[in-house]
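Peer 1: build me a model from this:
(one chain, ligands or ions: 2)
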Amino acid sequence: MTTTKTLIAPSILSADFGKLRAEIEDVDAGGCDWIHVDVMDGRYVPNLTIGPLVVDAVRKATQKVVDVHLMIVEPERWVEPFLDVGADGITIHQEACVHLHRTLQLIKSKGKRAGVALNPGTPEDTLRYVVGDVDLVLVMSVNPGFGGQKFIQSQLDKVRSIRRMLDGAGNHDCVIQIDGGIVPDNAALVCEAGCDVLVAGSSVFNKPDRKAAIAALHRAGDEGRARRHQSRA
Ligand code: DX5
Ligand code: ZN
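Peer 2: Residues are numbered from 1 along each chain as shown. Ligands and ions are numbered 1, 2, ... in the order given. Reported below is the predicted structural model:
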């Protein structure tokens, strides 16, 4: 595995867009690892958010990894525009992409992190023929579209199963990311199950002290990872 500690990726979906730059600077200074950007098209998900113009502004506000989560149909049409404005990684939904393998290869061919996301109802078996190629698997622990929803417990098993699949394929560089309803109280559990990167929207941006919120997630996540490594030893 490439990460030695739990990575925290605050989702700007819960930020105050009236002062987006200051919000990003706050979580950046507060010790986050990545900035997670939720792109929604009003078709794949029942919400409409941001495009490359905003990602361009995010890129200019931080040196941290800009992690773009595309919740859109035909994501292949938008890979290059988002990479052109400085995204470090693009995650596409398995359910929204007819040519999944081709689109992952497109992202990788640009030297960027290629991720695939699965909705809560999508089985992990759909990854079988791309599991050796992906750099990131995103397990949705809520139905995509909105921040502030409740964590869906059944996704823990999916995380365990994906971790086994990646190990079986010898893909030790791929990280598992989880997105939706993550709070310090479940961060240890998801990391014990196999997660490396925690997306957190409301549990960071809705807190007055973002530094403390990020630290609590780091701490809980690292505890869970330590338990996983102990049980494997
Ligand atoms: C949901 C988005 C998430 C969302 C997470 O569709 O992909 O990134 O912002 O928000 P919380 O952490 O509040 O569940
Ligand atoms: Zn997301």
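Peer 1: make it CA atoms for all contacts and neighbour counts henceforth
Peer 2: Fine.
Peer 1: which parts of stretch 168-180 are buried?
Peer 2: By 16 or more other Cα atoms under 10 Å, the buried positions in stretch 168-180 come out as 171, 173, 174, 175, 176, 177, 178, 179, 180.
Peer 1: how far away is the last one from residue 87?
Peer 2: As defined by Cα to Cα, to the nearest Å, residue 180 lies at a distance of 21 Å from residue 87.
Peer 1: quick check: mean pLDDT of the helix ranked longest in the chain?
Peer 2: Ranked by residue count and defined by DSSP state H, the top helix of the chain is helix 210-232. Across helix 210-232, the average pLDDT comes to 95.
Peer 1: off-centre distance for it?
Peer 2: Remark: helix 210-232 is offset 17 Å from the chain centroid, using Cα atoms, centre = their mean, to the nearest Å.
Peer 1: tabulate the buried residues of stretch 168-180 (a markdown table), appending distance to residue 152, pLDDT and secondary structure.
Peer 2: As requested, the buried residues of stretch 168-180 are exported to a markdown table (distance: Cα to Cα, whole Å; pLDDT from 0 to 100; DSSP: H, G, I helix; E, B strand; the rest coil):
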| residue | distance to residue 152 | pLDDT | secondary structure |
| --- | --- | --- | --- |
| 171 | 26 | 97 | coil |
| 173 | 26 | 96 | coil |
| 174 | 23 | 98 | coil |
| 175 | 20 | 98 | strand |
| 176 | 16 | 98 | strand |
| 177 | 15 | 98 | strand |
| 178 | 11 | 99 | strand |
| 179 | 10 | 99 | strand |
| 180 | 8 | 98 | coil |
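Peer 1: and the longest helix of the chain, what's buried?
Peer 2: 210-211, 213-218, 220-228.
Peer 1: convert the C-alpha atoms of that helix to CSV, please.
Peer 2: In CSV, the C-alpha atoms belonging to helix 210-232 read as follows (Å, rounded to 0.1, in the frame of the first residue of the first chain):
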residue,chain,number,x,y,z
ARG,A,210,-11.8,22.5,10.8
LYS,A,211,-8.3,21.7,12.0
ALA,A,212,-9.7,19.8,15.0
ALA,A,213,-12.2,18.0,12.8
ILE,A,214,-9.5,16.9,10.4
ALA,A,215,-7.3,15.8,13.2
ALA,A,216,-10.1,13.7,14.7
LEU,A,217,-10.6,11.9,11.4
HIS,A,218,-6.9,11.3,11.0
ARG,A,219,-6.7,9.9,14.5
ALA,A,220,-9.6,7.6,14.2
GLY,A,221,-8.6,6.5,10.7
ASP,A,222,-5.1,5.7,11.8
GLU,A,223,-6.4,3.7,14.8
GLY,A,224,-8.5,1.6,12.4
ARG,A,225,-5.5,1.0,10.0
ALA,A,226,-3.3,0.0,12.9
ARG,A,227,-6.0,-2.6,13.9
ARG,A,228,-6.1,-3.9,10.4
HIS,A,229,-2.4,-4.4,10.2
GLN,A,230,-2.3,-6.0,13.6
SER,A,231,-4.9,-8.5,12.6
ARG,A,232,-3.0,-9.3,9.5
